[in-house]
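[1] Build me a structure from this.
(chains A and B)
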Number of protein chains: 2
Amino acid sequence: MTAPNRPVVIREVGLRDGLQSIARTLPTAHKLAWIRDAHAAGLREIEVGSYVPPRLLPQLADTAELVAYAKTLPGLVVSVLVPNLKGAQRAIESGAHSMLLPLSASRAHSLANLRKTPDEVVAEIAAIRAERDAAGSSCLLEVGISTAFGCTIRGRVEPDEVLRLLRAVLDIGVDRVGLADTVGFADPKAVRDLFERGFAIAGDKLACGHFHDTRGLGMANVFAAWQVGVRRFDACLAGIGGCPHAPGASGNVATEDVAWLFASMGEPAGLDVGALLALRARVAQWLEGETLHGTLWRTGLPKTMRAPA
Amino acid sequence: MTAPNRPVVIREVGLRDGLQSIARTLPTAHKLAWIRDAHAAGLREIEVGSYVPPRLLPQLADTAELVAYAKTLPGLVVSVLVPNLKGAQRAIESGAHSMLLPLSASRAHSLANLRKTPDEVVAEIAAIRAERDAAGSSCLLEVGISTAFGCTIRGRVEPDEVLRLLRAVLDIGVDRVGLADTVGFADPKAVRDLFERGFAIAGDKLACGHFHDTRGLGMANVFAAWQVGVRRFDACLAGIGGCPHAPGASGNVATEDVAWLFASMGEPAGLDVGALLALRARVAQWLEGETLHGTLWRTGLPKTMRAPA
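    Next comes the predicted model:
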């Protein structure tokens, strides 16, 4: 287990991964309140949106405004998803602290979603790094390797191919990499195995676990990743997110549930779980009619919580 | 890790722990179909009901009929919950293979639920063992130590007290013991710690993990218990069960999700997950209007499942 005592960081990705999968556009005022209250609850990293063309994802068209606001909150790392060089230019201009660059390990999935092979995406990431450096920007480059545990089109994705891509983006000089199961193929054994192999290659640069609860294993996967040393996780309040091809499918692990996992285990994450539950209730109001997920909200925190260990 | 290659056994407890928390009475014909199809899907242990007085739980009044039917299914271990000596006599008469004897580790919870202290319950269990032996019955005695990780009334429950009770029932000569979190206080760290300490005392006689998903940690707790050697778990189809004091609270871990966890990890459990999902759909029809749980059913099995490891 690497550095077991480092605190856990949860990155709230509901405003991006969550809202991109919901057809309605949440008003900017609600998004600003979401960012404000998430920060107040102790979250110190938020993915506020995505620099994809607004015609593709009109729900996220206000990303620049959200970045500008989020940057005013003390100690908050402001992250945006960036699909290509043009998006990276916008991220650099907006002064986001971190950009998430998706890279699908499945060739079939990558071609279907981005019309590029994984290696073509790696080449684009190299161009983004050159652009970032040329601009004198300190924006962190983080690659999220998706379909790292399997893919809805092809099924099995070879771990060796995931690790080859991990090496390739490290060679380019990205700042950190995460492994993502956005489609519900991961299980705790596979998570342990792949992250252990990944740490042997990337060390601390392997720095994010992104799990969906598509088939009920999301929280077990978070725990398994934590056991082998992962200390940074993506999550969405109310477990939104999920798969546009499977309506109703469970989405990302729920921020409030992941926060409770670590609070309950006595692992420091700096979060006020009660405040997260209160924000979750507001998000649920804003998104009334959408299928939400997560479990802790049903019962809430124990009234008679045992003393911390 | 003790004996990691032993197959996993899931005991379906929906007919008891699940239905006792639902006000309506499921017709006996549906219960018989549930038992038949659960057996057909590969489940080899089912808790079919409870010998509590029918005026307390009219939903379970047909337990003797269910035991008689379940005993006709080849290879099926038929289990019933027994709250006291009188119930034990009925279990012995009916020829159930196993009786589950609940023992709450929290004195406050035990007094509130059973009007007996834990030690008075231990004394009753001793009387049940004597009765069983005097009757020449081979019915297995299994104690389920509930509130083993915390209690809604008192909060913290001391692990030392749980282990004292574990020793006490082993001294009486019960056949096996399980540790249960029916109220959502367990977390994976606490599960590992308590089961490891329990195995040191009870060895293979510590033989069941019973987890509810009250606060989202159910599946992570199952995985954590499996990691330290637990190979037998209680679960309810559709995640029914839960707490009569918290309507809508998530119930037991869902049988189909637990089955998928082990199938996905390549751990043998002898289950047809697709058949479990089909049965889950029938149970959901029978229980229309009730709050059900579990996750796998939303998306189903992957169409392009990767080859087994």
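[2] tell me which element residue A:68 is part of?
    The secondary structure element spanning residue A:68 is helix A:63-70 (assigned by DSSP states H and E).
[3] Check the average confidence over that helix, would you?
    In this model, helix A:63-70 has an average pLDDT of 98.
[4] List the contacts of it.
    The set of residues that contact helix A:63-70 without belonging to it, under CB atoms under 8 Å, 6 or more residues apart in numbering or on different chains, is A:15, A:28, A:31-32, A:35, A:39, A:46, A:48-51, A:76, A:78, A:80, A:90, A:94-96. (Each C-beta comes from the backbone N, C-alpha and C, glycine too.)
[5] That one: which residues count as buried?
    By neighbour count on 16 or more other CB atoms under 10 Å in any protein chain shown, the buried set for helix A:63-70 is A:63, A:64, A:66, A:67, A:69, A:70.
[6] was I right about residue A:202 contacting residue A:168?
    No: the pair residue A:202 and residue A:168 fails to qualify as a contact (CB atoms under 8 Å) at a distance of 11.5 Å.
[7] Taking the stretch 1-150 of chain A, what residue is nearest to chain B?
    Sorted by distance to chain B under CB to the nearest CB, the residues of the stretch 1-150 of chain A start with residue A:150, at 5.3 Å.
[8] Next, find the distance separating residue A:228 from chain B.
    12 Å (CB to the nearest CB, to the nearest Å).
[9] got the phi/psi numbers for that residue?
    Per-residue torsions, residue A:228: phi -100, psi 10 (degrees, to the nearest 10).
[10] Just list the residues touching the closest residue to the residue of the stretch 1-150 of chain A closest to chain B other than its chain neighbours, thanks.
    In space, not counting the residues next to it along the chain, residue A:150 is nearest to residue A:185; the distance is 2.7 Å by CB to CB, 6 or more residues apart in numbering or on different chains. Contacts for residue A:185 were tallied using CB under 8 Å, 6+ apart; they are A:147, A:149, A:150, A:151, A:157, B:302, B:306.
[11] wait, isn't the fourth one in contact with residue A:162?
    If I follow you right, that is residue A:151. No: the criterion here is CB under 8 Å, and residue A:151 misses it with residue A:162 at 11.0 Å.
[12] which residues do those two both contact?
    Overlap between the neighbourhoods of residue A:151 and residue A:162 consists of residue A:105, taking contacts as CB under 8 Å, 6+ apart.
[13] Could I get the buried residue list for stretch A:282-292?
    Counting neighbours by 16+ other CB under 10 Å, stretch A:282-292 gives A:283, A:284, A:286, A:287, A:290, A:291, A:292 as buried.
[14] Can you show me the strands along the stretch 201-309 of chain A?
    Taking DSSP state E, counting those that start in this stretch as the test, the strands found in the stretch 201-309 of chain A are A:206-211, A:232-235.
[15] and those as JSON lines, adding mean neighbour count?
    Listed next are these as JSON lines, based on neighbours: other CB atoms under 10 Å in any protein chain shown:
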{"stretch": "strand A:206-211", "mean neighbour count": "25"}
{"stretch": "strand A:232-235", "mean neighbour count": "27"}
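[16] how about those strands, which one is nearest residue B:240?
    Using CB to CB as the criterion, the shortest distance between residue B:240 and the strands of the stretch 201-309 of chain A is 25.5 Å, found for strand A:206-211.
[17] quick one: strands adjacent to that closest one?
    Strand pairing for strand A:206-211, determined by DSSP bridges: strand A:176-181 (parallel), strand A:232-235 (parallel).
[18] what comes up buried for the longest one?
    Read that as strand A:176-181. For strand A:176-181, the buried set under the neighbour-count rule, 16+ other CB under 10 Å, comprises A:176, A:177, A:178, A:179, A:180, A:181.
[19] now those residues in a markdown table, with pLDDT?
    Supplementary listing: those in a markdown table, determined by pLDDT from 0 to 100:
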| residue | pLDDT |
| --- | --- |
| A:176 | 98 |
| A:177 | 98 |
| A:178 | 98 |
| A:179 | 98 |
| A:180 | 97 |
| A:181 | 96 |
